[in-house]
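*Asks:* coords please:
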Amino acid sequence: MALNRYRLRHLANTGYRGAKQAQDLLEKPDRLIGLILLGNNVVNLLIAQLAAYIGYRMHGSIGIFIANFILIFAILVFAELTPKTLAALHAEKLALPAARIYKPLLVLMYPFVWIANFFSNSLLRLFGINVEKGVLTTLSHDELRTAVNDEGTTISSEHQQMLLGVLDLEQITAEDIMIPKNEIIGIDLEDDWEDIVTQLKNISYTRVPVYRGSIDNVVGFLHLRKFILKILDKDLEREDLEKVLREPYFIPEGTHLKKLLYEFQVKKRRLSLVVDEFGDIQGMVTLEDLLEEIVGEFTNDPASYDVEIHPQKDGSFLVDGSLHVRDINKALTWHLHADGPKTINGLILEHMQSIPEAGTSVLIDGYPIEVVQIQNNAVRTVRINPRLPQHEKVA
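*Replies:* The predicted structure follows:
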């Protein structure tokens, strides 16, 4: 009963005979328990009778008491505690060979086991207990996370994080990882053609959105790698650019990453625009952003966030207010709650219910946060200190 059911299934699938027999026995645990207890009780009763007989023959009535006392101690230590503790600690080593004995023994003793199980199961059904339910059940999402976290000795920390990232694909939405609308870099067809050509030559992305006037009026996506030779052509016209654009792809902001990954795969896409319930563009998600949720940041050193996170000599960090809370948590291994506002600016505004002034300090999730700069009615820069110890938070 202490066997790891998933390892047992693996051993049975590899052809291990003892594992297959143990798996068959555990599919009907009432029969296995009935067989073991039947033999257990028969042996215990016979031993008790034999001990009473020997004690009486040797010392009379007092001998029965002495024999029973010795027998209770012997059974408890040598037949119950010691072997069952050993079996619990080394279940696989003992259970798989034992299954080869139990399997034929169950066939031999089946009539007696069936009678005992019939009355036992009937009694359980009176209390609404389903005795036909299998022992091996599927693991929930949280149970799978716990199983992965507990396998620190057999799975490297990098692989653990990847597995946990896969499990979290059903919990994280496009809104959580999208590039905010105001940070999207694209090509505006209403700009001067010379400026567009210069931008195309210097842009550092492979795929970019192309729009008219604003990002809310997207025309399509441009694959620069396929267009690079034409960019160098002095006869290139605006119409040539529009001809190679690919139709834009949109997804709702609440789309889970598991669904988004499937859509990217089926539709052969690498980026998508994120829209809210009114159809307004809120941001953009790329395949690289999605993959980073599984494999981690392609460069996960906090120094790689030097544009938005600046370590200070006193141990604090100057952070851009538009940075996502989840990015800070991943970069610094912090635990700011990310189930509400997505950015540091939103986190502070939600906490204060107003636009703070520069110099204002707040304590969020145990982290002291000081507003350093306000710009355009938004928190531009903050100073965040590491989380305070529990006794300091209470104080």
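*Asks:* got the buried residues for the longest helix anywhere in the chain?
*Replies:* Determined from DSSP state H, the single longest helix within the chain is helix 91-126. Using 16 or more other Cβ atoms under 10 Å as the test for burial, helix 91-126 gives 91-92, 94-96, 98-99, 102-103, 105-106, 109, 113, 116-117, 121. Yep, even glycine has a C-beta here, placed from its N, CA and C like the rest.
*Asks:* repeat for stretch 69-81
*Replies:* Using 16+ other Cβ under 10 Å as the test for burial, stretch 69-81 gives 71, 75.
*Asks:* ok, Leu273 to Leu189 distance?
*Replies:* Distance, Leu273 to Leu189, by Cβ to Cβ, to the nearest Å: 16 Å.
*Asks:* neighbour-wise, which of these two wins?
*Replies:* The neighbour count for Leu273 versus Leu189, taken as other Cβ atoms under 10 Å, is higher for Leu273 (23 against 17).
*Asks:* quickly list what that one is bridged to.
*Replies:* Phe250, Met284 (DSSP bridges).
*Asks:* quick one: contacts for it?
*Replies:* Applying Cβ atoms under 8 Å, 6 or more residues apart in numbering to Leu273 gives the contacts 209, 218, 248-251, 281, 283-284.
*Asks:* stretch 360-373 - what's its average pLDDT?
*Replies:* The average of the pLDDT scores along stretch 360-373 is 92.
*Asks:* avg pLDDT for the host helix or strand of Leu349?
*Replies:* If you go by DSSP states H and E, Leu349 is part of helix 344-352. For helix 344-352, mean pLDDT rounds to 90.
*Asks:* name the helices or strands packed onto that helix?
*Replies:* helix 325-332, strand 361-364, strand 367-375, strand 378-384 (3 or more Cβ pairs under 8 Å, 6 or more residues apart in numbering; DSSP states H and E).
*Asks:* tell me which of these sits nearest to Val77.
*Replies:* Ranking the helices and strands packed on helix 344-352 by proximity to Val77 (Cβ to Cβ) places helix 325-332 first, at 52.5 Å.
*Asks:* and for Ser140, the neighbour number?
*Replies:* The burial count for Ser140: 9, using other Cβ under 10 Å.
*Asks:* would you mind measuring from it to Ala147?
*Replies:* Distance of Ser140 to Ala147, given as Cβ to Cβ: 10 Å.
*Asks:* what residues sit buried inside stretch 156-166?
*Replies:* Going by neighbour count (16+ other Cβ under 10 Å), the buried part of stretch 156-166 is 160-163, 165-166.
*Asks:* residues contacting that stretch, please?
*Replies:* Residues from elsewhere that reach stretch 156-166, judged by Cβ under 8 Å, 6+ apart: 145, 148-149, 151-152, 155, 293-296.
*Asks:* tell me which entries of these lie within helices.
*Replies:* In this view, the contacts of stretch 156-166 that belong to helices under DSSP H are 145, 148-149, 293-295.
*Asks:* could you say what helices and strands the helix or strand encompassing Asp240 packs with?
*Replies:* Using DSSP H and E, Asp240 maps to helix 238-243. Contacts defined by 3+ Cβ pairs under 8 Å, 6+ apart place helix 238-243 against helix 193-202, strand 214-223.
*Asks:* going by mean pLDDT, which of those comes out lowest?
*Replies:* Among these, helix 193-202 carries the lowest mean pLDDT, a mean of 84.
*Asks:* name the residues that touch stretch 250-267?
*Replies:* For stretch 250-267, using Cβ under 8 Å, 6+ apart, the contacting residues are 168-175, 177-178, 249, 269-270, 272-277, 281-283, 285, 287, 290, 293.
*Asks:* once you drop chain neighbours, what's closest to Asn329?
*Replies:* Counting by Cβ to Cβ, 6 or more residues apart in numbering, Asn329 lies nearest to Leu336, which is 5.9 Å off, once chain neighbours are set aside.
*Asks:* what pLDDT is listed against that neighbour?
*Replies:* Per-residue pLDDT puts Leu336 at 89.
*Asks:* count the residues that sit near it.
*Replies:* Number of residues near Leu336 (other Cβ under 10 Å) recorded here: 18.
*Asks:* sorry, back to before: max pairwise distance over the contacts of stretch 156-166: which two?
*Replies:* By the measure Cβ to Cβ, Gly152 and Glu293 form the most distant pair in the contacts of stretch 156-166, at 21.3 Å.
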